[in-house]
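J.: whatever this is, show me its structure:
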Amino acid sequence: MEKEYDDPIAYFQKRVEHLKAEKAARQAPIRFTFYDSDRLCIGDDLRKNFGYAALSQIYHELGLHTFLTNRQRHSKEQYDANTIMKMLVYSRLLFPASKKSSYDDREHFFEKTDYSLDDVYLCLSFLHKHKENLQVWLNDRIKENYGRDTWYRIQAEIPQVSKNNPGLLCFRQKDKKAGR
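T.: Model prediction:
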């Protein structure tokens with residue numbers, strides 16, 4: 001070291017001080033300045049939702065983005081089915097409402113919003129076209145990621161109208177041996 005530096009101890013002491021100063025600058029509080037003249041305009045909706053970050057994690061763990069991107073690669077649709085699906089999923093879970101209302105409130109998320117309401121409805125047809133493959137995909141990813149056999153649970157119960165109360169919908173277990 002003495003061959004590289006005239007005074008290695010002094011050099012490294014100076015280097016440590018420099019690194020400490022850099023670290024202190026990175027950890028310094030961030031200050032915002034607001035002026036009394038700064039005002040939000042009435043009607044501006046600048047709120048964004050951070051709460052969907054956990055839902056986004058699950059969405060990506062399930063690989064929905066991969067499924068939709070791969071399916072759309074072979075179609076002529078001009079909209080992004082993945083972006084629309086994310087909006088529909090997050091909106092339905094966080095702010096249950098109609099598809100049009102979800103579309104109107106799409107700005108609440110940090111996602112692309114460059115699609116029309118017509119694109120949303122066209123995307124529903126696209127999703128319907130791939131619904132069986134999507135269900136299988138989701139079941140496989142749920143089993144892989146979370147270790148549950150949810151497909152059986154979904155398929156194992158058959159809805160039927162109650163004999164005692166015709167307005168009541170009941171579920172009965174499928175007979176595994178009879179296959180019904």
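
J.: could you pull out the buried residues of the longest helix along the chain?
T.: In the chain, taking DSSP state H as the definition, the longest helix is helix 8-27. Residues of helix 8-27 include none that count as buried (16 or more other CB atoms under 10 Å). In short, each C-beta sits where N, CA and C put it, glycine included.

J.: same check on stretch 68-79?
T.: Neighbour counts over stretch 68-79 (16+ other CB under 10 Å) mark 68, 71, 72, 79 as buried.

J.: ok, stretch 124-136 next?
T.: Judged by neighbour count (16+ other CB under 10 Å), stretch 124-136 contains these buried residues: 126, 127, 130, 134.

J.: next, the spatially most central residue of the chain: secondary structure please.
T.: Centroid check for the chain by CA atoms, centre = their mean gives residue 56 as the closest residue, at 2.3 Å. Assigned by DSSP: H, G, I helix; E, B strand; the rest coil, the conformation of residue 56 is helix.

J.: confirm residue 82 sits in a helix?
T.: Yes - counting by three-state DSSP, residue 82 is located in a helix.

J.: burial of it, as a residue count?
T.: By other CB atoms under 10 Å, 20 other residues sit near residue 82.

J.: for the protein, what spans make up the helices?
T.: Taking DSSP H to define them, one finds helices in the chain at 8-27, 53-61, 64-72, 81-94, 99-104, 117-129, 131-146, 150-155.

J.: residue 42 is nearest to which of these?
T.: Residue 42 lies closest, by CB to CB, to one member of the helices of the chain: helix 99-104, at 18.4 Å.

J.: with just CA atoms, put the closest one into CSV.
T.: Taking Å, rounded to 0.1, in the frame of the first residue of the first chain, the C-alpha atoms of helix 99-104 are listed here in CSV:
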residue,chain,number,x,y,z
LYS,A,99,-67.1,-1.4,-15.5
LYS,A,100,-67.9,2.1,-16.7
SER,A,101,-67.4,3.5,-13.3
SER,A,102,-64.2,1.6,-12.9
TYR,A,103,-63.1,3.0,-16.3
ASP,A,104,-64.0,6.6,-15.1
